[in-house]
Structure formats: structure tokens, C-alpha cells
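**Student:** Got a predicted structure plus its sequence, pasted below:
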Amino acid sequence: MRLRSDIFVSAITRRVFSRGDYAAVLRKGSEAAGAIFIRQRTRDGQETLFGPAPQSLVTAEEEGGRLFECRLSSSDADAIDAALAGEIRFDPDCWVVELETQDVSDLFETIKPDG
């Protein structure tokens, strides 16, 4: 069974705060099953937008969890804003979480560029 979106977001923000970094929920979506988009900001001005991975890439072992893919990496905040605006127009029930941290590898699973 997959973790509810609100619980997943709460857990990830608590983990970020517990290690001394910053997290904020910029947009609340559907509590039970809203898609989650994660905006990572690093100290060097780089931003990365992570979104839900396509279901076709989810294996049987990963079926209960949440898998993310890197949607955009840029030093241009306007590009990230535009990408998020498009996602919100497509799915108004989505969540947007912002993390100010250098490393997200221990916070959520991401697919590799080669699949």
C-alpha cells in the first residue's frame, strides 16, 4: 500500500529540518493521492525539480513507494517556476515542496537517467 501524500510530505519535511536544512510546503494538494513535486535549491544557486516517475518505470518491488525523476535542473528560477506552473495547470491537486538542502539522495528515491 502506498503512503498518503500528506504523510509523505510531512515525513520528508521533518527529515530535512532534523538535519538542519530548510523545507516548506508551497502548495497543498490532495491529501490522499496528490502528485508531489519537489523543488530543491542548493547553496550555489542551482535548482532541481523532481516529479513523479512515469508508472511504466515502476517495478514490482517499488510499487508501494514513491519514485521520482529529475524533470529540470537549472540556475534559472524562472524556468523552474514555469515548469511548476504547467504542472499545476495540468493537475491542480498536486503538492509542491521546496527543500533547501545540498543532498536529497537519502530523502526519496529517484530513477537514474538511463532508466
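**Tutor:** Thanks, I have the structure now. Quick caveat: nothing in here was measured; it's all calculated off a predicted structure. Numbers count the residues shown, from 1 in each chain.
**Student:** quick one: contacts for residue 96?
**Tutor:** Contacts for residue 96 (Cβ atoms under 8 Å, 6 or more residues apart in numbering) come out as 25, 26, 27, 29, 37, 39, 84, 88. Just so you know, the C-beta spots here come from the backbone N, C-alpha and C atoms, and that holds for glycine as well.
**Student:** Please identify which helix or strand holds it.
**Tutor:** Assignment of secondary structure by DSSP states H and E places residue 96 within strand 95-100.
**Student:** Name the nearest residue to residue 92, ignoring sequence neighbours.
**Tutor:** The spatially closest residue to residue 92, leaving aside those adjacent along the chain, is residue 29, at 8.0 Å (Cβ to Cβ, 6 or more residues apart in numbering).
**Student:** just checking, that neighbour is part of a helix?
**Tutor:** No. The assignment for residue 29 (DSSP: H, G, I helix; E, B strand; the rest coil) gives coil, which keeps it out of a helix.
**Student:** Just the pLDDT at it, thanks.
**Tutor:** According to the model's per-residue confidence, residue 29 sits at a pLDDT of 94.
**Student:** How much space separates it from residue 37?
**Tutor:** From residue 29 across to residue 37, the span is 9 Å (Cβ to Cβ, to the nearest Å).
**Student:** Check residue 49 too.
**Tutor:** Between residue 49 and residue 37 the distance is 7 Å, computed by Cβ to Cβ.
**Student:** more neighbours, the two?
**Tutor:** More neighbours surround residue 37 than the other of residue 49 and residue 37, with 25 against 22 (other Cβ atoms under 10 Å).
**Student:** what secondary structure does the more buried one sit in?
**Tutor:** Secondary structure of residue 37, reduced to three states by three-state DSSP: strand.
**Student:** surely it meets residue 66?
**Tutor:** No. Taking contacts as Cβ atoms under 8 Å, residue 37 lies outside contact range of residue 66: 11.6 Å.
**Student:** Mind listing the shared neighbours of the two?
**Tutor:** residue 52.
**Student:** Now do the helices in the protein.
**Tutor:** Under the criterion DSSP state H, the chain carries helices at the ranges 5-18, 77-90.
**Student:** Perfect, I'm done here.
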